[in-house]
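Undergrad: after the sequence you'll find the predicted model.
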Amino acid sequence: MKEEYLIDVSILYSNVEEKINLEKEVVFCPDYFQNSDIIDLKNVHITGELQKDVNEEIRILGQVVGTMILEDAISLEKVEYPFSFKIDEILEENEKIFENTLDLREILWENIVLEIPLKFTKVTDLSKFHGDGWKLVSEDEVLKQDNPFNELLKDFGEE
């Protein structure tokens, strides 16, 4: 665990400081990506602060931006997916803070995983994706074809 991502929160608990400013570029090792759809993360940056709220709980507030490298849902090529989200979370002492130390990567990873799209593609021309007796078509093309399921699809969309 790199020391640069460990934050000593004892200064908040002891009221030495009211907040800890966060302005960090965060790098994730490949171990994080093993059980996710993320191939890599680039330029992950957090701007924000840690503070103690009225209930004596540590809260992280900030903005996280970066780029995920994902597999394109159609072409299966690696594609960049930019993300940005606000973070406002109370850190539960027993889960995230160990001996007055917070690992910033763990908090960010939990929130980045929530930003992974179910499907993502940059393919605009589907005509390249075809084979012997099949071709990939858009949903609009399916609706234009004489298809017995079109009526069902229309009824389903109205509900």
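TA: Happy to help now that I have it. Quick caveat: nothing in here was measured; it's all calculated off a predicted structure.

Undergrad: secondary structure element holding Ile7?
TA: Assessed by DSSP states H and E, Ile7 sits inside strand 6-8.

Undergrad: Asn21 now?
TA: Assigned by DSSP H and E, Asn21 belongs to strand 19-26.

Undergrad: contact partners of the following helix or strand past that strand?
TA: Using DSSP H and E, the helix or strand that follows strand 19-26 towards the C-terminus is strand 40-52. For strand 40-52, contacts defined as CB atoms under 8 Å, 6 or more residues apart in numbering pick out 7, 9, 12-13, 15, 18-28, 30, 32-33, 58-69, 80, 87, 102, 104, 108, 112. (Each C-beta comes from the backbone N, C-alpha and C, glycine too.)

Undergrad: would you mind listing where this protein has pLDDT under the threshold?
TA: Residues of the chain meeting the criterion pLDDT under 70: 1-3, 93-98, 142-143, 145, 147, 150, 153, 157-159.

Undergrad: which other residues reach the strand holding Asn21?
TA: Among residues not part of strand 19-26, those counted as contacts by CB under 8 Å, 6+ apart are 4-5, 7, 9, 11-12, 43-51, 60, 62, 104-105, 108.

Undergrad: could you do stretch 116-136 as well?
TA: Outside stretch 116-136, the residues within contact range by CB under 8 Å, 6+ apart are 36-38, 68, 70, 72-75, 79, 81, 137-138.

Undergrad: fine, thanks again, bye for now.
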